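Undergrad: All I have is the shape, not the residue letters:
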């Protein structure tokens with residue numbers, strides 16, 4: 001390992017999603033101790049970059065396209081571009097060709113160890129994993145030093161579907177600065193939107209994508225008491241469709257889409273209840289943030305959500321895709337402030353005990369530095 005380690009991060013996009021924000025948090029934590037090179041397959045989607053701290057040492061190198069047919073020539077070009085670093089980190093299916101390139105050409109180009117991170121699946125694999133992709137993953141992951149997953153669900157898939165050895169798979173749950181979410185929020189944190197006295201906010205933070213099924217939350221507002229507002233923080237292609245659905249349902253004055261929020265700790269405390277409606281999740285960091293803020297969580301039982309929330313919150317969870325059950329759970333909690341308080345307090349305690357970011361950061365540092373010391377550059 002060189003005096004200042006050089007780590008290459010390969011993302012299909014670097015928009016502000018869960019894996020990107022975790023990546024940013026680690027980069028900011030390590031500051032000037034590491035030189036980071038970040039590749040976004042889509043140069044127009046690098047929204048998470050605005051969260052990088054002033055002390056972070058980050059470059060954006062030119063890199064071969066992450067997408068395309070996995071021909072030998074293209075894989076060789078990807079492998080050649082990975083040389084000269086101390087560690088390569090790849091993220092999700094969008095970077096899997098780089099993983100394959102590393103497996104095939106690691107010896108030829110004397111490549112550093114590679115850690116692949118899998119955080120979940122897009123719409124095309126939300127219902128069922130694709131057999132051809134599973135086959136490709138099995139081969140591509142053949143030379144990885146570690147496969148990191150945040151959830152027990154993904155750990156099971158890695159071991160039993162992708163046939164990865166137990167020694168390679170590392171489950172590192174996502175963590176946050178739980179204490180930051182306890183600070184009293186300002187009611188005017190969002191431009192053009194103020195929380196008024198007597199209002200209650202049903203909130204969520206999610207990319208405005210089809211898999212998130214946010215239209216279910218919009219329709220649920222027809223049944224919520226009139227003092228409740230829906231605030232969906234995030235950006236994405238479904239924005240216009242959600243606004244149109246709110247207008248069709250006559251709740252457009254109670255549905256707010258303020259866009260991406262750079263500092264969720266300043267917003268989540270304004271919510272009175274947190275909701276997810278996704279058809280597919282693994283270990284959603286937004287749920288941990290809501291728990292740390294002392295909120296009850298209404299969400300589908302997908303991924304690890306059932307084990308993430310406190311046992312008191314369990315009855316508020318519903319089956320994925322059951323819109324009627326979701327609506328009933330939301331309205332029940334909206335009309336029972338004592339129940340909301342009890343669930344929220346239990347969630348806050350569990351978040352602080354199990355999901356604080358210090359544990360996550362320590363585990364990533366131990367993994368990355370351990371590999372860089374074990375496989376010094378060029379050896």
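TA: Perfect, thanks for sending it. It should be emphasised that the depicted structure is a prediction, and the values quoted were computed from it without experimental measurement. Numbers count the residues shown, from 1 in each chain.
Undergrad: and residue 184, what is it in contact with?
TA: residue 269 (CB atoms under 8 Å, 6 or more residues apart in numbering). The way it works is simple: take the backbone N, C-alpha and C, and place the C-beta from them, glycine included.
Undergrad: Quick check: it vs residue 268, distance?
TA: To residue 268, residue 184 is 12 Å away according to CB to CB, to the nearest Å.
Undergrad: How about residue 208?
TA: 18 Å.
Undergrad: Neighbour count: those two, which is higher?
TA: Neighbour count, other CB atoms under 10 Å: between residue 208 and residue 268, residue 268 has more, with 26 against 20.
Undergrad: Look up phi and psi at that one.
TA: phi -60, psi -30 (degrees, to the nearest 10).
Undergrad: What segments of the stretch 201-350 of the chain are helices?
TA: 215-220, 239-248, 285-292, 305-308, 323-334, 337-354 (DSSP state H, counting those that start in this stretch).
Undergrad: ditto for the stretch 1-150 of the chain
TA: In the stretch 1-150 of the chain, the segments counted as helices under DSSP H, counting those that start in this stretch are 18-30, 72-81, 96-105, 131-140.
Undergrad: out of the ones you listed, nearest to residue 296?
TA: Proximity to residue 296, assessed across these by CB to CB, is greatest for helix 18-30 (21.1 Å).
Undergrad: The closest one - contacts with which helices or strands?
TA: Where contact means 3 or more CB pairs under 8 Å, 6 or more residues apart in numbering; DSSP states H and E, helix 18-30 is packed against strand 6-11, strand 87-91, helix 285-292, helix 357-374.
Undergrad: mind listing what's buried in the last one?
TA: Using 16 or more other CB atoms under 10 Å as the burial criterion, the residues of helix 357-374 that qualify are 357, 360, 361, 363, 364, 367, 368, 369, 371, 372.
Undergrad: Take these and write them to CSV, including pLDDT and distance to residue 105.
TA: Output for the buried residues of helix 357-374, formatted as CSV (pLDDT from 0 to 100; distance: CB to CB, whole Å):
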residue, pLDDT, distance to residue 105
357, 91, 35
360, 93, 32
361, 95, 32
363, 95, 29
364, 97, 26
367, 98, 23
368, 98, 22
369, 97, 25
371, 96, 19
372, 95, 20
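Undergrad: Which single one of those is nearest to residue 292?
TA: The closest of those to residue 292 turns out to be residue 357 (CB to CB; 10.2 Å).
Undergrad: returning to what we had before: winner for burial among the helices of the stretch 201-350 of the chain?
TA: Among those, helix 285-292 has the highest mean neighbour count (mean count of other CB atoms under 10 Å), at a mean of 26.
Undergrad: Summarise which helices and strands it is packed against.
TA: Judged by 3+ CB pairs under 8 Å, 6+ apart, the packing partners of helix 285-292 are helix 18-30, strand 200-205, strand 273-275, strand 297-298, helix 305-308, helix 337-354.
Undergrad: now it against strand 200-205, angle please.
TA: Orientation note: helix 285-292 sits at an angle of 140 degrees relative to strand 200-205 (axes from the mean of the first three to the mean of the last three CA atoms, to 10 degrees).
Undergrad: quick check: angle from helix 285-292 to helix 337-354?
TA: Here helix 285-292 points in a direction 110 degrees away from that of helix 337-354 (the same axes, to 10 degrees).
Undergrad: any idea how far helix 285-292 is from the chain center?
TA: Its chain's average C-alpha position is 11 Å from that of helix 285-292, according to CA atoms, centre = their mean, to the nearest Å.
Undergrad: now swap in stretch 28-48 and tell me
TA: Remark: stretch 28-48 is offset 16 Å from the chain centroid, using CA atoms, centre = their mean.
Undergrad: Give the rounded mean pLDDT of that stretch.
TA: For stretch 28-48, the mean pLDDT works out to 93.
Undergrad: Can you mark which positions in it are buried?
TA: Quick answer for stretch 28-48 (16+ other CB under 10 Å): 29-30, 34-41, 45-48.
Undergrad: Residue 79 and residue 100 touch, don't they?
TA: No - look at residue 79 against residue 100 with CB atoms under 8 Å: they stay out of range, at 9.3 Å.
Undergrad: picking that back up, include distance to residue 131 when you put the helices and strands packed on helix 18-30 into a markdown table, please.
TA: What follows is these, written out as a markdown table (distance: least, CB to CB, whole Å):
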| stretch | distance to residue 131 |
| --- | --- |
| strand 6-11 | 25 |
| strand 87-91 | 22 |
| helix 285-292 | 30 |
| helix 357-374 | 30 |
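Undergrad: Alright, calling it a day.
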